[in-house]
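**Student:** Got a predicted model here, sequence first, then my questions.
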Amino acid sequence: MKTDTQLSMYAIAYSNYKNLLDNTLLAPLPNYWQAGCIFDTVLDFLALATSNDIDTPEDLHFITKIEAQQAVSSVLAKYNYDTITSLNGEQVPANVYRDGTSYIPYNNYVQCANWYDDAGWWGIACAKAYDPFYQHLFTPASKTKAQGIAKACWTAMEKGTYTQYKGAPNVYETAKNQNNPYVNQTAPRYEGGVWQANFGDPLTAKLGPFQDSVVNGLWFTLCTRLYNMSDDTDLQNSITPYISSFVSFFKNWVDDTDYSILFETGPEAALIRERYPAYNNSVVKNGGEILVNPSSWYKANTCWAGDQGLYLGGLYEFSTIEMAEKSFVDNTMKRILNGIPSMITSSPITPLQTDIIAPWFPYTLDNGLYLTDSGDYASGSGICMRYLLYGYLKGGNPISEKLLNTNDLLYQLIQTSADACVDGSYPQFSNASFDQFNSLSILTLALVLNMNNN
């Protein structure tokens, strides 16, 4: 029989799951990327809730396999990637998640799916339909649809659908071919990464022309997961060169002595920065730094917890591929895992009784992530937890090795974060869906660790 603490965690996790399913995922007009991100963790919880390894009394509404399949099918029924007509008359794949067939385009984009990273969240979540651990959550029809969505989302990132830049890997070259006035000053420092669907003035553009970490992390994880999980040889062959080029790009940035993508937080400990910090013409001499805007984010060592999870997920998937440089992958994963405890807080934003793993670093009122979009960036804690769970369940990697040690600081911080979710002290942000999502993701990981390590 499970402990009272475990049953309390399960009860709250179940409540979060039901609220997210009924009020976010099955709402008429959910936000596209947020729905994909939340669905990914819902699959984790359903896999746990339908497991034979947890005992729950009847009043906690133990979820049957059929109920789980119905929930998954109801979510996937709202996803549409048929061809529609955009604002400028172009025929494009919809890649939208909403009720009905009336799509609302704006600025030549299909609403709710403007950016290349939007497709990444859905692609990664739906790739779980290939994974034996999640197979029981899908009916034959929903499995086929989910796998189709995963492939469609990879294609949307690779080639582009509703934007002028022809795919995330091709944005810079496309902008150059279009005589974009900003290409000379924004040449990439290293080849092989990806961009958002935007290439404006580097001093004012919100999501480009710099290379932010989230779209690169999503691209890396989606490519490696589909390569590992799919039985489509043609798809794997198409993905292979992208994996190779991205890893070269990432390794160059890790090893960059002037502007590493890793912020060192201690001995053998580091965090992925929120964006790749410099262009090719950046210099570090005589005080003449030329940094990606806003340079204050680099100087403040701004990091997002979601990026830590995404890169751990991509690195784990890559580690199982024959081309992987094992020592580099393991070492980088260990440094990130050792760095995550730096994201703890006793909270200048919300007073807490205990430390938690915060969604951004540094966890201060003047952090740019908090100031610009705290509601979205608040999801970072839950995303990070999701990839820790994924690595733990797979086993035989630095994540699982770390979390098998109950005396490790990271393990203990997961438990204190879960305790905060149970006692109601976990911080709430301006996005109720992501508040519930964080709690669900944290509690799902904590439950698995408690059941297996105690």
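**Tutor:** Cool, got the structure.
**Student:** OK, contacts around V72?
**Tutor:** Residues in contact with V72, defined by CB atoms under 8 Å, 6 or more residues apart in numbering, are 43, 46, 137-138, 142, 146. From N, CA and C alone the C-beta is placed, and that goes for glycine too.
**Student:** That one and I38: what is the separation?
**Tutor:** Distance, V72 to I38, using CB to CB, to the nearest Å: 13 Å.
**Student:** Now P362, what are its backbone angles?
**Tutor:** When read as degrees, to the nearest 10, the backbone of P362 gives phi -70, psi 150.
**Student:** wait, isn't it in contact with A300?
**Tutor:** Yes: shown here, P362 and A300 form a contact pair, counting by CB atoms under 8 Å, at 6.8 Å.
**Student:** re earlier: where neighbours are concerned, which of the contacts of V72 has the most?
**Tutor:** Of all those, A146 has the most neighbours under the rule other CB atoms under 10 Å, reaching 27 neighbours.
**Student:** So for it, what's the pLDDT?
**Tutor:** Model confidence at A146, given as pLDDT, is 93.
**Student:** Just give the number of residues close to the nearest residue in space to it that is not next to it in sequence.
**Tutor:** Ranked by CB to CB, 6 or more residues apart in numbering and with sequence neighbours excluded, the top spatial neighbour of A146 is A129, at 3.6 Å. A129 has 23 neighbours, counted by other CB under 10 Å.
**Student:** What of E322?
**Tutor:** 4.
**Student:** what sits against the closest residue to F263 other than its chain neighbours?
**Tutor:** Computed as CB to CB, 6+ apart, the closest residue to F263 that is not its neighbour in sequence is N301, at 4.5 Å. By CB under 8 Å, 6+ apart, the contact set of N301 is 263, 271, 273, 361-362.
**Student:** From the residues you listed, which land in helices?
**Tutor:** Mapping the contacts of N301 onto helices (DSSP state H) picks out no residues; all lie outside.
**Student:** Take those residues and lay them out in CSV including neighbour count, pLDDT and distance to A305.
**Tutor:** Compiled in CSV, these are given as follows (neighbours: other CB atoms under 10 Å; pLDDT from 0 to 100; distance: CB to CB, whole Å):
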residue, neighbour count, pLDDT, distance to A305
F263, 20, 96, 13
L271, 26, 97, 9
R273, 24, 97, 13
F361, 28, 91, 8
P362, 17, 89, 12
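**Student:** The residues you listed: which two are farthest apart?
**Tutor:** Taking CB to CB, the two most distant members of the contacts of N301 are R273 and P362; they sit 12.4 Å apart.
**Student:** any shared contact partners between these two?
**Tutor:** With CB under 8 Å, 6+ apart as the test, R273 and P362 both reach 301-302.
**Student:** list the buried ones in stretch 387-400?
**Tutor:** 387-394, 397-400 (16 or more other CB atoms under 10 Å).
**Student:** Stretch 131-150: how far from the chain's middle?
**Tutor:** 20 Å (CA atoms, centre = their mean, to the nearest Å).
**Student:** Can I get it in PDB, CA atoms only?
**Tutor:** Extracted as PDB, the C-alpha positions of stretch 131-150 are listed here (Å, rounded to 0.1, in the frame of the first residue of the first chain):
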ATOM      1  CA  ASP A 131       7.300   4.500 -27.700                       C
ATOM      2  CA  PRO A 132       6.500   1.100 -26.200                       C
ATOM      3  CA  PHE A 133       6.100   2.700 -22.700                       C
ATOM      4  CA  TYR A 134       3.200   4.800 -23.900                       C
ATOM      5  CA  GLN A 135       1.600   2.300 -26.400                       C
ATOM      6  CA  HIS A 136      -1.300   1.300 -24.200                       C
ATOM      7  CA  LEU A 137      -2.600   5.000 -24.100                       C
ATOM      8  CA  PHE A 138      -3.400   4.900 -27.800                       C
ATOM      9  CA  THR A 139      -6.000   3.100 -29.900                       C
ATOM     10  CA  PRO A 140      -4.900   2.000 -33.300                       C
ATOM     11  CA  ALA A 141      -6.600   5.100 -34.800                       C
ATOM     12  CA  SER A 142      -5.100   7.600 -32.300                       C
ATOM     13  CA  LYS A 143      -1.700   6.000 -32.600                       C
ATOM     14  CA  THR A 144      -1.800   6.500 -36.400                       C
ATOM     15  CA  LYS A 145      -2.900  10.100 -36.000                       C
ATOM     16  CA  ALA A 146      -0.400  10.900 -33.400                       C
ATOM     17  CA  GLN A 147       2.500   9.500 -35.500                       C
ATOM     18  CA  GLY A 148       1.200  11.500 -38.400                       C
ATOM     19  CA  ILE A 149       1.200  14.700 -36.400                       C
ATOM     20  CA  ALA A 150       4.700  14.000 -35.200                       C
END
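**Student:** rewinding a little: restricted to strands, list the contacts of N301.
**Tutor:** Those of these mapping onto strands are 263, 271, 361, per DSSP state E.
**Student:** hang on, the second one packs against L262?
**Tutor:** It stands for L271. Yes: contact status for L271 versus L262: in contact at 7.0 Å, counting by CB under 8 Å.
**Student:** Can you pull the residues that touch both of the two?
**Tutor:** What both L271 and L262 touch, as defined by CB under 8 Å, 6+ apart, is the set I336.
**Student:** show me where the stretch 251-400 of the chain has helices.
**Tutor:** 295-299, 305-319, 326-339, 368-377, 380-394, 398-403 (DSSP state H, counting those that start in this stretch).
**Student:** and of these, who's closest to D355?
**Tutor:** helix 380-394 (12.4 Å).
**Student:** Spatially, what comes nearest to the most centrally placed residue in the chain if we skip its sequence neighbours?
**Tutor:** Note on the chain: the residue nearest the mean C-alpha position is L310, at 4.9 Å, using CA atoms, centre = their mean. Closest residue to L310 apart from its sequence neighbours, by CB to CB, 6+ apart: G217 at 3.2 Å.
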